[in-house]
Every structure is written in C-alpha cells, then in structure tokens.
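Asker: only geometry, no sequence info:
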C-alpha cells in the first residue's frame, strides 16, 4: 500500500527491493538511514494510530494524506517525528447492495544484471597470468549462478467487495488475496485479508456509531541470506551437481555463516518460513452535542501473532554435522488504544474559531512468546514440526533466542486552538 504514495507528495521517497518479503522504505523527511525502519512514517488508519499497514489492501484505500507540518502532527508527539500518513479505507456503503470485483497480474524480472566471467573466460584469464585452478575448483563447467537462482516472478491480486445499507444503517465487507513470487527461486509472499464494517446513525444523525473488523494472514517464504553473495562469488568453473546427483560443495571452504556455499544448495537445503496473523477491531462514536460542538471517541485493539520457522536439512552446509536442525519461535504483540476529544468549529461573522481538546491512552505489549530449537532428526520430512523428535546429545545447546517481553504505555492530553479573520 505504501507504494500508492509514490509521486503524489513532493519530497517523499519510496524504495522497494525485488524481495516480496521486504517492506518498501518510505521516507518523508530528513536524510536517509541504513537502519531498516529508522525513518518509517507513523500510520493512522481509519483513526487508529499506529495500525499496521499490512492490514490494508490497496483496493480498499479511499484516500491517503500526508501530514508533515508541526501543527498537524503535534497531537501524535514524538511518534510523528518522521511524518504522519493518514489512510481512510472503504467504509460501509449506502443504498442497494453492490458487489464488485477487481484483479491484476504482474511480472518482475532483473532489469540490469552484473556481467560475470564465464568458466572459460576465467580459465583463460588465469592461464594468461600463469595460474591454474585445482581439480576441486574446476570440473570443466560453465555455470551462470545468477541464472540458476533467479526467475521471472509472477504475482496476482484479487479483491471482492460488497456494501450496502438503508436510511440509518450501512454495512460493507471485502476479501483480498495476494500471491507474489520473488525473483529469487523459492521466495514469495501470500496474503489474505478479510474486512467487515458497519455504521449506525441515530437521533437524526446526531449520533454515529461505527465498528470495523480486519484480519490479515501472511505467509512469507524466505531464503538464506548467504545466497546473495554466493551467486556472484561462487566459481563458474564448477557445476551445480556432482555426478551422483548431490550438490557440489567445497567442504574446505564452507566454514561459518558467511562461507563459500553452492547457492542452489542453499535454496534447496534450507527452509525459512514466517507466518503472521494480524487482527484489528476498532469502534468509534461521534456525538453532535451542540451546533458546532462534537465529541469523538475511539477504542481499538490490534493483535499480532508472529511464528517464525527454520529448518536446515542433513545436507545443509550451514549446519554441518547437525543431522537436521530446526528452530521455531512464536511471539504475540498487542496494542490497545483509546482516544476521546472535543472539537469545536464556529464562525461569528468574519471571525472563525476552531478548538480541539482530547485525551489519548495507548498500551503496547510486545515479545510475549518463546523460541526453541532441536537437532539430530531421524528424517527431514517433518521439517520444524515436532521438534520433540530431535535427539540432541549431552553437548547440544538449545537456542532460546533473544525474545523478551516489554510493556509500553503512552498517556497524553492535547489541545489546539486556531483563530482566523475572514479566512486569513
């Protein structure tokens, strides 16, 4: 969704990699940073501050507004240091029920590749300089490792929306499905989003009640990070496989996580998968107390369940001698928000007065979970499932990770006054 802002706001930079599991870097102000997420803007979705952008399907977005000036962002405090992006999604509709469907398909490929020497070119270069490769580094092959690990990635998106309503009530629901193949083989992202909302108007529209339910399920298929450097540094003079069908490796040089590995074997022998379940429920009420005076209240809860799974099979060079290594983590993050504010907007002749006063409470509880690992499995077929079947020896060290629980509360009172005379 963040890419929809590209080209709409001066000074807004959006950078996206070819990896579908990487979020686009959105920078509204200030210099760039190498730290991921260090300058990510603050999102407010349907009035919910800090809501996850992953809950929104692009087809459900009605408008996106960027707040950059101090006056507009002041009520969000330090959270607005990198700017604020206000997103309004498709709300409950009015009138006769309406069903709509939209879809798109796309492909991605590498536009500019780095020209690497072929096996024959490398042999000629070494020969001209009085050098020669040993037998383990040259078996007569000409392998383009970039071609071996990359592909044209195809993606498709489908959105189904239904809304309708009567004189005093309205409703809406939508379903969104995204399947995005990565340019690197075995990588990809699959996401399913379901939304439902309802609005009720009472007392001649002096009271408006609204409730929204959103659920997002995402599956990320990732790759070992060592693939990126090895597809450029692995010698083109060796093949992908040995004569017996196993992957070619040079065991003398496969030490450490940053070692020299067959990039195709890295893809096939190591499986990384993440699953994220996001759930957001928010309700709001708006009461027109007097002419020009309104009271608004909003309450929301966002729950995020993140499960990360890893398996290095018995042939993986990343875990030599482990006879299969599995790692799992399960973490829950929750965010609760309550906001209430009075808004007064009145004109007296040529005088205009706008007053805002409110209270905000937010609690974030993160890292509620655990991590564990196991090794020495009878079979690779179960991957990370049933870690209890591992048969570690007395020297086995379980990886409990660095997960820790934390609770952050933010309580604030805010106000704003704007006066103008004849619009000046």
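Answerer: The structure has been received and is ready for your questions. Every value quoted in this text rests on a predicted model; they were computed, and no experiment measured them.

Asker: where exactly do the strands run in the stretch 301-424 of the chain?
Answerer: 325-348, 351-375, 406-421 (DSSP state E, counting those that start in this stretch).

Asker: actually the stretch 1-150 of the chain, sorry about that
Answerer: Under DSSP E, counting those that start in this stretch, the stretch 1-150 of the chain gives strands at 13-15, 25-27, 42-45, 48-49, 61-67, 84-89, 98-108.

Asker: list the helices and strands the helix or strand harbouring residue 296 packs on?
Answerer: Secondary structure from DSSP states H and E places residue 296 in strand 293-312. Applying 3 or more CB pairs under 8 Å, 6 or more residues apart in numbering; DSSP states H and E, one finds that strand 293-312 contacts strand 48-49, strand 270-290, strand 325-348. From N, CA and C alone the C-beta is placed, and that goes for glycine too.

Asker: Farthest from the middle of this protein: give me that residue.
Answerer: Within the chain, the residue lying farthest from the chain centre (CA atoms, centre = their mean) is residue 130, at 51.0 Å.

Asker: contacting residues for that residue?
Answerer: Not one residue lies near residue 130 by CB atoms under 8 Å, 6 or more residues apart in numbering.

Asker: One more: residue 298?
Answerer: Residues counted as contacts of residue 298 (CB under 8 Å, 6+ apart) are 47, 48, 282, 283, 284, 285, 337, 338, 339, 340.

Asker: What of residue 324?
Answerer: 311, 312, 313, 314, 375, 376, 377, 379, 380, 390.

Asker: If we only consider those, which is nearest to residue 229?
Answerer: Of all those, the one with the least separation from residue 229 (CB to CB) is residue 312, at 18.2 Å.

Asker: Confirm for me that the closest one is in contact with residue 325.
Answerer: Yes: using CB atoms under 8 Å, residue 312 is in contact with residue 325, at 4.5 Å.

Asker: In the strand holding residue 296, which residues are buried?
Answerer: Using 16 or more other CB atoms under 10 Å as the test for burial, strand 293-312 gives 294, 296, 298-312.

Asker: okay, the angle between that strand and strand 351-375?
Answerer: Orientation of strand 293-312 against strand 351-375 (axes from the mean of the first three to the mean of the last three CA atoms, to 10 degrees) gives an angle of 20 degrees.

Asker: what lines up beside strand 293-312 in the sheet?
Answerer: Partners of strand 293-312 in the sheet, by DSSP bridges, are strand 270-290 (antiparallel), strand 325-348 (antiparallel).

Asker: Quick one: low-confidence residue ranges for the stretch 51-200 of the chain.
Answerer: 68-73, 92-95 (pLDDT under 70).

Asker: got the contact list for residue 279?
Answerer: Counting by CB under 8 Å, 6+ apart, residue 279 has contacts 214, 215, 216, 302, 303, 304.

Asker: Output the strands paired with strand 293-312 as CSV; include the columns distance to residue 366 and mean pLDDT.
Answerer: Shown next, in CSV, are those (distance: least, CB to CB, whole Å; pLDDT from 0 to 100):
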stretch, distance to residue 366, mean pLDDT
strand 270-290, 14, 94
strand 325-348, 5, 93
